[in-house]
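just need the structure, nothing else, for what follows:
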Amino acid sequence: MEPFEVWYRAEHPRLLAAMVLVTGNVDEAGEVTDEAFARAYERWDRVGAMESPGGWTYRVAVNVARRRGRRRGLEERLLARRRPPADVPAPAGEAWALVAGLPERQRVAVVLRYVADLPEAEIAAVMGVRRGTVAATLSTARRQLGAALVPEVVDGR
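This is a model prediction of the structure:
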């Protein structure tokens, strides 16, 4: 089993980058990432022995992000006021604007596949769905992104 510190140094930048794209907020991503690694550290004897400690940590981070999002939505409804969304530097350029417009499930799957470089089986474990659902979700997301990137053909040109 790899020491936690070595694993942490290797995995932290990837998870943080993925969570920036999942949450759309740099500060939120840092908090979610820190929470996931704190939980991994507390359970390192068990997590470090897993086939994919990174996959476990991604799943924790995504779950924490979702929970925070639900809580934030409830607070906003209760307070009945709207805050403007935080501006996020586009780490992936113009393509991120298109990815950010995808539904949450598609956005999470795209980030985990193409930013975190996780295989579909690990993405399924992180998202708590079947591998086939991940494949279908990625296919739909790619189709939507492709349609947004390719201008429509007008009058057969």
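
give me the three-state assignment for Thr140.
Recorded secondary structure, Thr140: helix (DSSP: H, G, I helix; E, B strand; the rest coil).

that one contacts Gln106, correct?
Yes. If you go by Cβ atoms under 8 Å, Thr140 and Gln106 touch, sitting 6.3 Å apart. C-beta coordinates here come from the backbone N, C-alpha and C atoms, glycine included.

flag the shaky bits of this protein, pLDDT-wise.
Across the chain, the ranges flagged by pLDDT under 70 are 75-93, 151-157.

in it, which spans are helices?
4-23, 26-42, 44-47, 53-79, 94-100, 104-114, 120-127, 131-149 (DSSP state H).

which of the residues in the last one are buried?
The neighbour-count check on helix 131-149 (16 or more other Cβ atoms under 10 Å) flags Thr133, Val134, Thr137, Leu138, Ala141, Gln144, Leu145 as buried.

put the alpha carbons of it into PDB.
Listed in PDB are the C-alpha atoms of helix 131-149, where the atom choice follows Å, rounded to 0.1, in the frame of the first residue of the first chain:
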ATOM      1  CA  ARG A 131     -21.300   1.400 -16.600                       C
ATOM      2  CA  GLY A 132     -23.800   1.300 -19.400                       C
ATOM      3  CA  THR A 133     -25.400   4.500 -18.000                       C
ATOM      4  CA  VAL A 134     -22.100   6.200 -18.100                       C
ATOM      5  CA  ALA A 135     -21.500   5.100 -21.700                       C
ATOM      6  CA  ALA A 136     -25.000   6.400 -22.700                       C
ATOM      7  CA  THR A 137     -24.500   9.600 -20.700                       C
ATOM      8  CA  LEU A 138     -21.100  10.300 -22.300                       C
ATOM      9  CA  SER A 139     -22.500   9.500 -25.800                       C
ATOM     10  CA  THR A 140     -25.400  12.000 -25.300                       C
ATOM     11  CA  ALA A 141     -23.000  14.600 -23.900                       C
ATOM     12  CA  ARG A 142     -20.600  14.200 -26.900                       C
ATOM     13  CA  ARG A 143     -23.500  14.500 -29.300                       C
ATOM     14  CA  GLN A 144     -24.700  17.700 -27.700                       C
ATOM     15  CA  LEU A 145     -21.200  19.200 -27.600                       C
ATOM     16  CA  GLY A 146     -20.700  18.200 -31.200                       C
ATOM     17  CA  ALA A 147     -23.900  19.800 -32.300                       C
ATOM     18  CA  ALA A 148     -22.900  23.000 -30.500                       C
ATOM     19  CA  LEU A 149     -19.400  23.000 -32.100                       C
END
